[in-house]
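Peer 1: pasting the sequence and the predicted coordinates here, then a few questions.
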Amino acid sequence: IDSVSVNIFSDNAEIGWQPSTSTDVIGYVIYLYNGSSWIPIDTVWGYGSNFYPNANSTADTQSEWYCMAALDSCGNISPLGNNQNTIYLQKSLNICSKTVTLNWSPYINWPAGTAVYKVFMSQNAGPFNLIGTTTSLSFTHTGLTGGDTYCYIVQAYDNTGKTSSSNKLCFFVYQPTQPVFTYVETSSVVTQQSISVSGYVDILATVKEFRIERSDNGASFIPVGTVPFTGVPNISFTDNTARPDMQSYYYRVVTVDSCGNDAQTSPVSQTIFTTAIANADM
């Protein structure tokens, strides 16, 4: 076998080889490894045949192992040759950091030795461009754009010019849906040492939690607690660390998206602090 490769349009494995030097050969038997033994799956007739596409391939979901044997006019079959396998490409996508780590199975048994791998990328159905070369079995691509579609192919090659391509791996880079609104409905004194804060939030946003912040002067805010996202538009929080009998406080709600980033900050709400002066005339 010269190479086993995956057709990026059909996702089928394709096997290429040099015809036998024996002129008595009338065909070639293709074998597929099923996990425990080699199973003949087809015969390609003709001495000069050198290519076989496996229409029943599942090389887009796993690495497939192939080998071959030559068949002569008397029905004799040769020993099996060295096996080679398709490259199965997988991914680990980190939406929050806008990176993807590509991992793939090794390409083995090339006469020229260890394969070198080229990584190609297509963005939004554009042309495939080379973005990296490595001898390892992984590659991290950074700087992805949220809302774009990416496709990748890994191609093994040796110093004789032979190549083998992996399955094509495509995915859409989702990004957290940002909130349209975040409001503080009320900040109301409950007791001499507690304040109830009620908010109204956008449940269609991709949210992790809501951070409640407090300020003495309306400028410098500190977090006093969080409320987890539960899919309801009304949230509430009780601040038991305040002294509303001594001063007024300012509150705001910060929406934290699924990546842990601050997505939106509400307008500020202020509690009412009441004072009284006793007059001499009762």
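Peer 2: Alright, I've got the coordinates.
Peer 1: got any ranges where the chain has weak pLDDT?
Peer 2: 111-114 (pLDDT under 70).
Peer 1: residue nearest the centroid of it?
Peer 2: When the chain is reduced to its mean C-alpha position, the nearest residue by C-alpha atoms, centre = their mean turns out to be L93, at 2.2 Å.
Peer 1: any idea how far that one is from T206?
Peer 2: Using C-beta to C-beta, to the nearest Å, L93 is found at 15 Å from T206. Any C-beta I mention is one placed from the backbone N, CA and C, and that applies to glycine too.
Peer 1: so what's V119 bridging to?
Peer 2: Beta bridges link V119 to G132, V154 when assigned by DSSP bridges.
Peer 1: show me the contacts for it.
Peer 2: Neighbouring residues of V119 by C-beta atoms under 8 Å, 6 or more residues apart in numbering: 102, 130-134, 139, 141, 152-154.
Peer 1: hmm, 6 Å instead?
Peer 2: With contacts defined as C-beta atoms under 6 Å, 6 or more residues apart in numbering, V119 is in contact with 131-132, 139, 154.
Peer 1: do W38 as well
Peer 2: Applying C-beta under 6 Å, 6+ apart, we find W38 in contact with Y31.
Peer 1: what's it sitting at in phi/psi?
Peer 2: Phi and psi for W38, reported as degrees, to the nearest 10, are phi -90, psi 130.
Peer 1: beta partners of it?
Peer 2: In this entry, W38 is beta-bridged to Y33, by DSSP bridges.
Peer 1: need the strands for the stretch 101-250 of the chain, in chain order.
Peer 2: 116-123, 129-134, 138-141, 149-157, 163-165, 169-172, 182-191, 194-201, 207-215, 221-228, 234-239, 250-257 (DSSP state E, counting those that start in this stretch).
Peer 1: what lines up beside the longest one in the sheet?
Peer 2: The one in question is strand 182-191. Counting by DSSP bridges, the strands paired with strand 182-191 are strand 194-201 (antiparallel).
Peer 1: touching the partner strand from outside, list them.
Peer 2: For strand 194-201, contacts defined as C-beta under 6 Å, 6+ apart pick out 182-190, 212, 233, 235-240, 242, 244, 251, 253, 271.
Peer 1: again, 8 Å this time
Peer 2: With C-beta under 8 Å, 6+ apart as the criterion, strand 194-201 contacts 179, 181-190, 207, 210, 212, 227, 233-240, 242, 244, 249, 251, 253, 255, 266, 269, 271.
Peer 1: quote the end-to-end distance of stretch 41-55.
Peer 2: Taking C-alpha to C-alpha, to the nearest Å, stretch 41-55 runs 11 Å from one end to the other.
Peer 1: how about it: buried residues?
Peer 2: Within stretch 41-55, the residues scored as buried using 16 or more other C-beta atoms under 10 Å are 44, 47, 49, 52, 54.
Peer 1: so who does the third one touch?
Peer 2: The one in question is S49. With C-beta under 8 Å, 6+ apart, S49 has these contacts: 19, 27-28.
Peer 1: can you redo those residues as CSV with distance to W38 and neighbour count?
Peer 2: Shown next, in CSV, are these (distance: C-beta to C-beta, whole Å; neighbours: other C-beta atoms under 10 Å):
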residue, distance to W38, neighbour count
P19, 21, 14
G27, 17, 19
Y28, 14, 25
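Peer 1: could those residues be laid out in a markdown table, adding secondary structure and distance to F172?
Peer 2: Below are these laid out as a markdown table (DSSP: H, G, I helix; E, B strand; the rest coil; distance: C-beta to C-beta, whole Å):
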| residue | secondary structure | distance to F172 |
| --- | --- | --- |
| P19 | coil | 44 |
| G27 | strand | 45 |
| Y28 | strand | 41 |
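Peer 1: which among these gets closest to I8?
Peer 2: The closest of the contacts of S49 to I8 turns out to be Y28 (C-beta to C-beta; 24.5 Å).
Peer 1: which residues does the closest one bridge with?
Peer 2: Beta-bridge pairing for Y28 (DSSP bridges): V44, A70.
Peer 1: quick one: contacts for it?
Peer 2: With contacts defined as C-beta under 8 Å, 6+ apart, the neighbours of Y28 are 17, 20, 43-44, 49, 52, 68-71.
Peer 1: same thing with S73?
Peer 2: 24, 26.
Peer 1: from P19, how far out is it?
Peer 2: Applying C-beta to C-beta, the value for S73 to P19 is 15 Å.
Peer 1: alright, I will stop here.
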